[in-house]
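Asker: quick one, fold the following:
(one chain, ligands or ions: 1)
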Amino acid sequence: MPTRTPSAARKTAKKSPGKAKPLRGPLAPDRVAAILKALDEAYPNAECALHHRTPWELLVATILSAQCTDARVNMVTPELFRRFPTPAAIAKAPLSEIEDLIRTTGFFHNKAKSILGAAKKITEDFNGQVPQTLAELITVPGAARKTANVVLGVSFGKAEGVVVDTHVFRIARRLELAKGDTPQEVERELMGVLPRDHWISFSHQVIHHGRQVCVARNPKCDKCNLETLCRSKDKTWSS
Ligand code: SF4
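Answerer: Just a heads-up that it's a prediction; the model follows:
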């Protein structure tokens with residue numbers, strides 16, 4: 001009967017499918033910690049780029065930011081809030097007047113309807129104050145989960161979820177922190193893998209990273225301080 005040499009045993013072990021999970025992988029705690037550390041180093045002061053003075057102004061600015069740059073939104077909101085400074089004021093505004101003020105942000109008809117609906121809801125049901133829970137916020141017209149997470153995180157410092165916009169969706173998948181095919185799935189995965197005290201800052205940092213370095217096409221991997229941690233097939237450069 002033939003005896004197995006040590007090297008034959010190793011080959012057999014490699015071929016065996018096995019059920020045990022690898023000790024290391026994309027979600028290994030030390031790898032996740034290294035990603036968060038690199039983001040903290042690259043973007044120590046990352047903040048929401050939408051100009052606002054109150055939770056209500058942030059809510060409106062976030063509604064306007066859909067399919068639009070933050071810079072464009074910031075050009076539009078000062079006059080909008082000068083004309084209509086409160087939810088109660090905007091709730092009485094003619095739809096056409098809101099449309100005219102926000103026209104350059106695109107999709108202005110739907111956005112104006114959302115803002116008007118949000119103003120009425122907040123005036124009538126929340127005493128003119130933007131609610132501070134996710135469950136309440138998502139009942140406000142125009143405030144789906146992403147918008148609600150932005151307002152809760154930035155205005156109230158509350159982490160009930162993770163903001164997943166187009167940048168977070170793309171980069172979470174490139175960094176193998178999530179695999180989901182929808183923002184909802186990616187958010188759920190990120191909530192499982194990120195420490196809660198990073199839920200708010202992670203999104204701000206990744207949004208900056210997505211705008212400046214890890215852009216959608218031809219990411220600038222040679223300028224990325226996460227490069228050694230990243231195995232994305234989209235990489236344009238490897239050290
Ligand atoms: S290495 Fe490239 S693909 Fe990976 S996170 Fe950095 S910029 Fe994005």
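
Asker: can you list the buried residues in the helix or strand that contains residue 119?
Answerer: When elements are assigned from DSSP states H and E, residue 119 belongs to helix 108-125. If you call a residue buried by 16 or more other C-beta atoms under 10 Å, then helix 108-125 has these buried ones: 108, 111-112, 114-123. In short, each C-beta sits where N, CA and C put it, glycine included.

Asker: stretch 89-105 too?
Answerer: 90, 91, 93, 98, 99, 101, 102, 105.

Asker: check stretch 225-239 too.
Answerer: 226, 227, 229, 230, 232.

Asker: tally of neighbours for the nearest residue to the fourth one once chain neighbours are set aside?
Answerer: If I follow you right, that is residue 230. Closest residue to residue 230 apart from its sequence neighbours, by C-beta to C-beta, 6 or more residues apart in numbering: residue 175 at 5.9 Å. The tally of other residues near residue 175 (other C-beta atoms under 10 Å) stands at 21.

Asker: swap in residue 40?
Answerer: 14.

Asker: sorry, back to before: per-residue confidence at the residue nearest to residue 230?
Answerer: On the pLDDT scale, residue 175 is placed at 98.

Asker: and if you look at the one 3 residues further on?
Answerer: In this prediction, residue 178 carries a pLDDT score of 98.

Asker: how many other residues sit next to it?
Answerer: Residues near residue 178, counting by other C-beta under 10 Å: 26.

Asker: tell me the SS of the closest residue to it other than its chain neighbours?
Answerer: In space, and not counting its chain neighbours, residue 178 is closest to residue 189: 3.8 Å by C-beta to C-beta, 6+ apart. Three-state call for residue 189 (DSSP: H, G, I helix; E, B strand; the rest coil): helix.

Asker: does residue 189 touch residue 181 like I think?
Answerer: No. Residue 189 is beyond contact range of residue 181, at 11.1 Å (criterion: C-beta atoms under 8 Å).

Asker: show me which of these two is the more surrounded one.
Answerer: residue 189 (19 against 10).

Asker: contacts only, for that one.
Answerer: By C-beta atoms under 8 Å, 6 or more residues apart in numbering, residue 189 lies in contact with 172, 177, 178, 179, 180.

Asker: touching the helix or strand containing the first one from outside, list them.
Answerer: The one in question is residue 172. In the assignment (DSSP H and E), residue 172 maps to helix 166-174. Residues outside helix 166-174 that contact it (C-beta under 8 Å, 6+ apart) are 162, 164, 178-180, 183, 186, 189-190, 202-203, 206-207, 209-211, 214, 216, 219, 230, 232, 234.

Asker: domain ranges for this protein?
Answerer: 55-143, 161-229 (automatic domain parsing).

Asker: just give me the closest of the buried residues of helix 108-125 to residue 67.
Answerer: Here the nearest of the buried residues of helix 108-125 to residue 67, counting by C-beta to C-beta, is residue 111; it sits at 9.4 Å.

Asker: wait, that closest one sits on residue 142?
Answerer: Yes. A contact is recorded between residue 111 and residue 142 when judged using C-beta under 8 Å, the distance being 7.5 Å.

Asker: list residues touching both of those two?
Answerer: In contact with both residue 111 and residue 142: residue 63, using C-beta under 8 Å, 6+ apart.
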